[in-house]
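>>> Make a model of this:
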Amino acid sequence: MRKITIILLHAFVGWVLCAAMKGLGMSITTLETTLIIHAIAAPIVFSLVSLVYFRNFNYTTPTQTALIFVGFVIAMDFFVVALLINKSLDMFNSLLGTWIPFVLIFTSTLLTGFFISRRSNAVNIVG
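Numbers count the residues shown, from 1 in each chain. So this is what the prediction gives:
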């Protein structure tokens, strides 16, 4: 249970940072600019979150972690943002607003996990 809580907490932190960024962006700029910034920043945020996760815990493989992170984000966007806040599923019609960030979150988490895993294996072989 502790391991599940830790990985979900990391996914939650990434989602909250992205949601805060979107909220701030929409209060100071246009929706389109906010979505572009989010599409650029989301993979950076999740790379940093996954870097912390893989360095300190590393309970799951890079693929499992990427699936858990993006699955958590999709679930939170669906249940919290779409159903509770927006009361509409229209956000899922936007490539830039949802689908591109989902793919980039998955990819950045996966690549960070592979990088950390390869680096850890190289250190273990040398050390």
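>>> So for residue 118, what's the pLDDT?
Per-residue pLDDT puts residue 118 at 82.
>>> Neighbours of residue 12, how many?
Number of residues near residue 12 (other CB atoms under 10 Å) recorded here: 15. All C-beta atoms are positioned from the backbone trio N, CA, C, and that covers glycine.
>>> Once you drop chain neighbours, what's closest to it?
residue 72 (7.0 Å; CB to CB, 6 or more residues apart in numbering).
>>> May I ask which helix or strand encompasses the one you found?
Using DSSP states H and E, residue 72 maps to helix 62-76.
>>> quick one, helices of the protein?
2-28, 31-56, 62-76, 100-126 (DSSP state H).
>>> Low-confidence regions, this protein specifically.
Scanning the chain for pLDDT under 70 picks out 120-127.
>>> how many neighbours does residue 23 have?
Residue 23 is flanked by 10 other residues according to other CB under 10 Å.
>>> thinking again about what came up before, is it possible to export the helices of the chain to CSV including distance to residue 90?
Formatted as CSV, the helices of the chain follow (distance: least, CB to CB, whole Å):
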stretch, distance to residue 90
helix 2-28, 15
helix 31-56, 12
helix 62-76, 16
helix 100-126, 16
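>>> so which of these gets nearest residue 85?
In terms of CB to CB, the element of the helices of the chain nearest to residue 85 is helix 2-28, at 9.7 Å.
>>> can you give me how far that closest one is from the chain middle?
8 Å (CA atoms, centre = their mean, to the nearest Å).
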